[in-house]
Each structure stands twice: as C-alpha cells, then as structure tokens.
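Fold the following for me, if possible:
(chains A and B)
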Amino acid sequence: MTFLQPWLLVALPLVALPLIIHLINQRRFQTVQWAAMRFLLAARAMSSGYSKLRHWLIMLLRMLAVAAVILAIGRPLSRGWLALAGGARPDTAIVVLDRSPSMQARDPATPETKLATGRRQLAETLATLAPQRCLLVEGDKLVEVPAAALVDLPAAGPVAAAADIPGMLQAAYDHIRDNAAGTAEVWICSDGRTNDWALEDGGWAGLRDAFAKLPQQVRFQLVAFDAAPAGNVAVRVTEARLERRGEARELLVSVVATRQDSGDPITLPLKFELGGVSTAVEVELAGREAVLANHALPLGRGESARGWGRVSIPADTCAADNEFYFVFDEPPPRLALVVAEEAAAGRVLELAASIPPSKELVARAESVPRAGLATAPWAEAAALIWQGPLPQGDEAKLVDEFVARGGQAIFFPPESADGATFAGVSWGEWLAHPQPLRPEQWRSDEDILANTLASGALPVGELEVQRSCGLGGEIVPLATLADGLPLVARVPDGRGITFCATLPRPRDSSLASEGIVLYAILQRLIERGLEPLAGARQIDAGPAASELLAAATADARWACVAGPAGSSGAEAGWQAGVYEAAGRLVAINRPPAEDVAAIAAPERIDGLFRGLAYTRVEGRAGRGDSIVQEIWRAFLIAMLLALVGEGLLSLPRRRVATPVIPALAEAAA
Amino acid sequence: MLSDRQPRSFLEPAVLARLSGVPLLARRPMVGNVSGRHASPHRGSSVEFAEYRKYVPGDDLRRLDWRAFGRSDRFYVKEYEADTNLRLVLVLDTSGSMAFGSTKPAAQAGPQPLVKLDYARRICGALGYLASQQGDAVGIACAAERIVRTLPPRRSPAHLRLVFDVLDEARPQGTTGLCEVLHEIAETIRQRALVAIVSDLFADPEELAGAFGHLKFRRHDVAVFHLLDPQEMAFTFQRPTRFVDLEGGAAIFADPIEIADRYHTAVTAYLESLRRIVLEKGIDYQRVLTDEPYEQVLARFLVGRAAARGLR
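Predicted coordinates for the structure are as follows:
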C-alpha cells in the first residue's frame, strides 16, 4: 500500500496503546474486603469462553481503530481496483505512453479512447502522487512535463507510428541511471500489442537485468488496456500504381481490409478520395480479411501523373485505422551503375540489371569505368553493382554518399584480394571447392533473398558454388554455404551495402546459369534504391519518416497536404498524412503490424518484468475512476465500524437481574 | 421492665416503642412453663373455646355445660385453649462475612458504613426486648464456625441484660459454620422454641435445608432474617479489583465488568434455591437488604406472624 505521508506511519506502534492501557489498568486494581466470595468463585467457575473471546475482540477492535486512524492520516492510496502494491511516493515518475493507432480504440459505450483514458488517469494519478519530477518519454529522450498536462499535451497524443516500448524503457533506464537519485516509478500505459512490445526482442533480458541492478528502487506500473476492440476493421492500401490504357491512364489501387476477429460477414463500404472526387465501392468481409485488388480509378487526360488519395471506411471502435493515404507517380527509370573489372562478370551483371520486371518499366544498366566514377550519374542511379577491389579514397567517398542518400550497393569479389576495407568489410582469399557447394541456409523471410509475394521460395538452394571468396569484418549473413562460409551478406548497420562472395562466371558459380537468384537480388536492390528517387513514396510513420521529413533543405521544405491536424511541426512523420516537397510526395501511414498484431497474453508481458517491482492494473477505455485513489475515508469508516463494534461488544450482553425486589414483594404478600 | 442502665448502641427506644404495639407471636403451639400469650398444645383456662368433651367422673362440675345437658340430656364439659409463654432463641451469625457493609444509614454519623453484624444486632436486640416485654424467655447463640457464645432462654430481665451483653460483645470472625450450629441448636433445645436466625446465610443451600429441616423436626418455629448488603447484590464495581475474603480464604483478582453477569447469575441461582428451601420447610423467611430500615423489617415480620397465629 502506498502512503502520501508515509512518515506518519512511525506512529503505528501506538496500535499497542489499548493493550498498554489495559495492562496499566490491571496494575491499578483496588482491594476490597469481600464477603460473598462464594458467588465470585461460582462466577469464575462458570464457562467464560465467550467472555474471554469478547474481551479479546474488544481489545482487537480498539487496536484496529487506532491503526485505522494512523493509516488514515498517512493518506493511503489504492493502486488499481483490486491490486495493491507496496511503496511510497516516488521521487521521479516516468510516463511511457503507447501512442500507437491501436490505442485509439474505444469501448462502444463510450467516446473516450484507450489512450485518452490512460492519459487522464495517469494525470490524475500523478497529481495525487505528486512526485518531485514527472517525465514523459518521447522517443529516446525524456522531457519534464506537469502531470496535469498529460491530458492535452501534443507530445502525449495519438500518433500513427507503432510504439517502441523496449526503446522507451531503455531511454527511461538511461535517464534513471544518469540522473535519478531517488526512487523512480515507471508508469506504462499500453494495450499490449505484440508489435509495440517486441516480445521476442532479445534485449528484454538485458534491460530487465539492468533495471534490477540499479541502486535506486524502480517500480513499474502497467496500466493495461488489453481489451480487444469489438468489431474493429482496419483498411490499408497495399499498392497504388499507374497503368496506361491507350491514351488514358488509370490508377490501380489494391486495398485490404482486416479485422481481429472473424465475426459475421459484413458489407464494407470503401470510400476512395482522389483529386477531390469521392467514389465508393463495397466489399464483402467474410473472414478476417477482404482484398480489393487493382481497383481502377481513372485519371483525366490533363491530370498530373503524380498525386495522392485516401481510402476510408465508416467509423468504428478504432478511428485510427479507418483511413489510409496513398500517393502515386510515374516510376523513375531503373538505372544501375555497373563497375566491373572482369568483363565476363560485368556483362552478366549488366544483363541482369537491365531487364525490367515489367514492360511498363524502363530499366537501364550503365557500365562505368573506375576512372569515370566522378562523372557517373549518381543522382539518378538506384543501385551500384561493383565487381573488383573495394573502393578507396575518393571512390569510397562517392559510394558512401550514394549509400547515404538511399542508394543500394552490392559488391562482388575481385580476382585477387588486396586487403582493402570498405564499410568495415574486406575480401579474403578465394577458396576453391572440389565439390560444388550449395547454400544450406538463407533468410527467406526478409531482405533480398526473401520469398516472393506469392510465398514462393527463390531457388537459392540450387545454386552451385565452385569458388568463393572469404569475407572479413562484421557482416550479417543472408545466405550461407554448406561449410558455413557466407555467400551473401550485408553490413549490420542497415545501410544498403551487400556483399556476394562469388562471381557469376561458370568456373565460379552457377549464378549466371541459374540466373533467377541473381536477377532477384539485383532487381530487389534496384527496387529499394528507387524508393528515395521515386516522386511518390509510401512509408510507415515513425522515426524514419520523421527523419525524412526533418531532412529538408532550405529550398524544399516538406509541407503537409493532407492529414489530421498536428501532422506538421514536431509531430511530422509520426502522424498519418501526405507531405510534399520539391515535387515529391510522401504518404505516411501506420505500420502494417498495427492492423494485424495480436494483443499479448498478460502473463507474457508480466514475464518481461519478472524479478522487478511490478504491478499490473487493468484499464478500460472510458473508465471514469482513477487508478490511484486516496482511501483514507475507507480507513475512517473502518475506524468507526471498529468503535461501533467495540461499543456493542462492551455492552453487557444480558444483565442478570437479581431477584431481590420480587422476593421481597413475595414475602410481603 | 427493662432496667438496663448501660446504653446499648443497637437499641433505639423510639423504634422499640413503636414496635411494642404488635405482639411477637409464635406460628406454632409452644410448650411453656408459665401462662403467656402464645398458643399451647394443651387445654387450658383461657376464654377461647376449644371443644366439647364427655363428662367423666372427677371432672370439675363447674365446667359442665348445662345448656347442652338441657338440649341433649347428656353431660358435656367445655374445654378452652391454654396460653403459655414462648422461648425465643436468637441465632446470631458472627462469622467474618458479617463484617461487610457498604451502606451508611442516614441517621448514622461517622465514616464507617453499617456492617451486617450491626444490622443483625439491632434486629436481635429489638426481638429480644419485645419478647421479654411480653414475658417470653430469651436466649442467644452466636455462631461462627461453631457456637462461640450461648445463653439459654430465660424470662428474667437480668437475663435479657446478659443477652444484650452478648450482642454487644459479638465480633465478626472466623468462617461460617451455620449449618453445624443449627444442627447443634436443634439437638440442645429440648422444648419448642421460636428460633430466629439472623445471618447472611453464606452456606451451601442443601446443607441449610438439612439444618432447617432438623429444627422443624424438633417442632421449633424457625424464622430467618437473611441479611444481604446492596453491594453484594448489585456488584457495581468498575475497576479491576482484588477481593479479599473476610473469612480468611484466598483472595480473588477479577475484572468486575467482565464477571458481573456471571456473578449475578450465581446470586440468582443461590437465591432461587434458597427460596425453594424455605417454601418447602415452611420457614418464616425475611430477605433483608441492609439499606432497609430494620424497624420496617421487624414490623413486617411481626405483622406477618400476628396474621398467622400458631395452631395447636
């Protein structure tokens, strides 16, 4: 139990006061010369079980009354509606708010969302607790805020990005470690979505251990709004592409509607807004998902090929996933720069890079000699295919700049290793394999060797490698040969730098003859490299979007052209909307996981805090009462009840009237 | 008749004067040795007709009822009740428990409360005086664990002074042996007597029943003045108290508030059994709270007995 005035509890020994008074009274007896001893002896001999019990009950009730008074003036707080946690007023309260779109869900009976309820309850709670400092975790930093401001602070408002609960807790830990001297209490308000909590993240154990080792006492209070929103449907645009039909163009939009529970079939009206024109189409949602593929929206002749639109569905229990922004534009040319010292290998690489995946697209591979790197069209290129010694000096600088602006680079080994290092990776010696090796493991779930959209696996395992070049440095293998040698790897910092440890020559590997894998690798890299070049981009709300919008030059600032209020300014990139700068469009929406992520079981989240001072409080959207309430009234009532009980027990149960008067009357008669 | 020059604290002339208007009568026929005002089992020469009896030679011809002879032509002799005197035996309980007193009569000066023995002295003194005044013999027995002092019933005023001396000198001490004393008295008093017991009766009721039965078996008229202090009945102590036995027993520590109910239960049970005993044995029982004026108690006693004059 928590007390606002815990120091008053030093008076708790006064609970023994009735006992002491009783003992003193026993010592202060009087002595009486008494004649009717036979009655006293008879009274003592009678059964006194109830009398003794009553005596002790009276004593107990008196002690309870004293204890209740002391506890009441200590201003006790109730934590949660059922649970009670130990502790006193914290020095620092750190608020970790899950502001993800799923927290916009509400109970059908109330207009207040989970997030609004949580903010209000936290504001009331912290106002009651009155810690010395109240800090709100914003991304990876903490800002001091008044507790009452949590209700209307924009930084505590809803966003379209997923919450990074481990990241925010890490920020809280860093702050406590570096600054907080006293006790700290971390208040987490979340609906427990698995994507927000990253339950499989290996960093949880380290974070838990780090908190446990802190010298300060840190308590965690989770306000869990883990009730699934009933009947909620989320809408998402999976693709928006232009297609020419003769002279006319039309926009093909693919939409998917999902819901968490497979309830009764419903007819879902989809509303498309494009260029100020609204159209509607109905889809049948029978199970958990309904797909509307390539819904054609005609574009006028004079209409620009670049634009944005919005798909929305009628309001339901979660407003944040009822609309989705999309942008479209003519795809940029798929230009790949090929730098190769081996002509044979260069030809294969050029060929694989220059074949467009669709007849609508234009693909080009431009061979660039190393001497002409400075004049190469870096700004238009999506990918750099490099075979030969790793770039050094000015060459490395050019490649670094290219990668930094979003270009993708893949390096193939030179004929002879020179020990040069780029991005922390260097080529080793060539290894000849008497028996061709096949890749045994590769990442089929993500990255450039991932399965196709139709879930078909790339034939990576059919490749045969006769010679492979060693790789030194810190790498993340994407495909590994049978003897553990890396075949395809990338650097771990997330930049677009990939290494392939063999060459597409017949004496080295079957990359050329089994050209599907090589083609998929290069085209996927080109596809990625095109993203920053595209006139219209679709990105998830979050730090990456915020960084993109913040990286504006003086002559081209991102401006919000569509989206809810507050989509600009500091919250830009965290809110859904459409932004434009220098003729480029960006649509920012919630991450896909927000639509499909399940709510984690309470025990899984509780397990994350195993060994720490942790309390879980069940929250419900629209709930009016406070998480923490002063309950001194309850103690006063308990005191009154104890006193009343004591009074009742102190009353003689049944006065035995002596028959003096009746007997005298009888004698007189 | 009373020529005692020594002042007696337990005698109040005004009270005695008021009480002397009502005779002290026995409820059973007495066998006295002189004429008196009490019924006798024998026929005598009083004015109260008793019965007719057939004349037998030798009867006093003056007692023939000639009118009866005229009506029936037979000789009948009229017989009358005989009146005799009374032997009053006062049994005064002088055990230690009689030293208890919590009340102070309004008339009494000084800080000392009226103990039960003082109250008993007044009753005994008044009864003795009244009996002596009407020519009855008065004796006394002081009872503690045994008979500590005794005087046989005698009619002379000098003997009454001796009785008063005994009352004066009686001191509360020792344990209660009332039942044994009553048995002894029943055995030692040969002729019928009015046995007036003045005691708090702190004895086993069954033993008391035996003692009363013994007295009744000896055809004694038994009157009991059961003295109880109001505090012994009400038990209104508030603070934890150490009760020291006036008769020398072990002390008891008790919280009166806690034990009061059970104390009252015990008192009630005791009084109820006592009531049953006195009804069964035909005892003239007077329960007396010591805050009640003794004059009132004696008046009630005397009037009650006058209403039920002894049968032959």
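
Where do the domain boundaries of the chain fall?
As the question left the chain open, I've gone with chain A. For chain A, the structural domains run A:2-29+A:47-77+A:632-662, A:81-228+A:599-626, A:233-330+A:534-595, A:341-532, going by automatic domain parsing.

I was after chain B.
B:13-29+B:86-307, B:38-84.

Which one of those lies nearest to A:Val399?
Among the domains of chain B, the nearest to A:Val399 by Cβ to Cβ is domain B:13-29+B:86-307 (97.7 Å). Where you see a C-beta, it was placed from the backbone N, CA and C, and this is true even at glycine.

Figure out how far the closest one is from the centre of its chain.
8 Å (Cα atoms, centre = their mean, to the nearest Å).

of all the domains of chain B, which lies closest to chain A?
Among the domains of chain B, domain B:13-29+B:86-307 comes nearest to chain A, with 3.6 Å by Cβ to the nearest Cβ.

Ends of the closest one, what's the gap?
Domain B:13-29+B:86-307 has an end-to-end distance of 25 Å (Cα to Cα, to the nearest Å).

what do you get for stretch A:196-206?
By Cα to Cα, the extent of stretch A:196-206 from end to end equals 18 Å.

contact partners of that stretch?
By Cβ atoms under 8 Å, 6 or more residues apart in numbering or on different chains, the residues outside stretch A:196-206 that reach it are A:98, A:100, A:102, A:162-166, A:170, A:190, A:597, A:600, A:604-605, A:608.

So which of those residues wins on neighbours?
For the contacts of stretch A:196-206, the largest number of neighbours (other Cβ atoms under 10 Å in any protein chain shown) sits with A:Ser102, at 33 neighbours.

Check whether it really touches A:Ala593, as I assumed.
No. With contact defined as Cβ atoms under 8 Å, A:Ser102 does not reach A:Ala593; the gap is 9.7 Å.

Name the residues contacting each of the two.
A:Arg193.

What's the local residue count around A:Glu462?
With neighbours defined by other Cβ under 10 Å, the count for A:Glu462 comes to 12.

repeat for B:Phe217
10.

Give the burial count for the residue lying closest to it once chain neighbours are set aside, as a bare number.
In this structure, B:Phe217 finds its nearest non-sequential neighbour in B:Ala186, 7.3 Å apart by Cβ to Cβ, 6 or more residues apart in numbering or on different chains. Residues within reach of B:Ala186, counting by other Cβ under 10 Å, total 19.

Also the one 3 residues further on?
When counting by other Cβ under 10 Å, one arrives at 19 neighbours for B:Ile189.

cool, A:Leu153 as well?
Around A:Leu153 there are 18 residues (other Cβ under 10 Å).

so it touches A:Val143, yeah?
No. Contact criterion Cβ under 8 Å: A:Leu153 and A:Val143 do not qualify, at 9.3 Å.

and the helix or strand containing B:Glu207, what does it pack onto?
Element membership for B:Glu207 (DSSP states H and E) is helix B:205-217. If you count contacts as 3 or more Cβ pairs under 8 Å, 6 or more residues apart in numbering or on different chains; DSSP states H and E, helix B:205-217 packs onto helix B:178-188, strand B:221-228, helix B:256-281.

does the residue nearest to the spatial centre of chain B count as helix, strand or coil?
Among the residues of chain B, B:Ala196 comes closest to the average C-alpha position under Cα atoms, centre = their mean, at 1.7 Å. Classification of B:Ala196 using DSSP: H, G, I helix; E, B strand; the rest coil returns strand.

name the element A:Ile21 belongs to?
Assigned by DSSP H and E, A:Ile21 falls in helix A:17-27.

quick one: contacts for the closest residue to chain B within the stretch 501-650 of chain A?
Nearest to chain B, among the residues of the stretch 501-650 of chain A, is A:Ser650, at 8.3 Å (Cβ to the nearest Cβ). Taking Cβ under 8 Å, 6+ apart, we find A:Ser650 in contact with A:Ile58.

Phi first, then psi, for it.
Main-chain dihedrals, A:Ser650, degrees, to the nearest 10: phi -80, psi -20.

State the distance from it to B:Thr265.
From A:Ser650 across to B:Thr265, the span is 19 Å (Cβ to Cβ, to the nearest Å).

can you give me the helices for the stretch 351-500 of chain A?
A:394-404 (DSSP state H, counting those that start in this stretch).

For the helix holding A:Ile21, name the packing helices and strands.
helix A:49-73.

Could you count how many residues lie near the residue of the stretch 251-400 of chain A found nearest chain B?
Nearest residue of the stretch 251-400 of chain A to chain B: A:Thr317, at 65.0 Å (Cβ to the nearest Cβ). Residues near A:Thr317, counting by other Cβ under 10 Å, number 18.

Does A:Thr128 touch A:Leu77 like I think?
Yes. With contact defined as Cβ under 8 Å, A:Thr128 and A:Leu77 form a contacting pair (6.7 Å).

Which one's more surrounded, the two?
Each of A:Thr128 and A:Leu77 has its neighbours counted (other Cβ under 10 Å); A:Leu77 has more, 24 against 18.

Quick check: that one vs B:Phe235, distance?
50 Å.

What residue, apart from its backbone neighbours, is nearest A:His175 spatially?
Closest residue to A:His175 apart from its sequence neighbours, by Cβ to Cβ, 6+ apart: A:Leu142 at 4.8 Å.

Work out for me the element the one you found sits within.
Assigned by DSSP H and E, A:Leu142 belongs to strand A:141-144.

Export only the CA atoms of that strand, formatted as CSV.
C-alpha atoms of strand A:141-144 as CSV (Å, rounded to 0.1, in the frame of the first residue of the first chain):
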residue,chain,number,x,y,z
LYS,A,141,14.5,11.2,-24.8
LEU,A,142,12.7,12.3,-21.7
VAL,A,143,11.0,15.7,-21.2
GLU,A,144,9.7,17.0,-17.9
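
Would you agree A:Arg120 is in contact with A:Val151?
Yes. Shown here, A:Arg120 and A:Val151 form a contact pair, counting by Cβ under 8 Å, at 5.6 Å.

Looking at those two, which is more packed in?
Relative neighbour count places A:Arg120 above the other of A:Arg120 and A:Val151, with 18 against 15, counting by other Cβ under 10 Å.

where's the more buried one, which helix or strand?
helix A:114-129.

That helix - contacts with which helices or strands?
Looks like helix A:114-129 contacts strand A:92-97, strand A:184-190, strand A:218-224, strand A:628-630 (3+ Cβ pairs under 8 Å, 6+ apart).

Within the sheet, what are the partner strands of whichever helix or strand comes after it, with directions?
Per DSSP H and E, the first helix or strand lying C-terminal to helix A:114-129 is strand A:133-138. Its sheet considered, strand A:133-138 pairs with strand A:92-97 (parallel), strand A:141-144 (antiparallel) by DSSP bridges.

In TSV: those, plus distance to A:Thr421.
Formatted as TSV, those follow (distance: least, Cβ to Cβ, whole Å):
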stretch	distance to A:Thr421
strand A:92-97	41
strand A:141-144	34
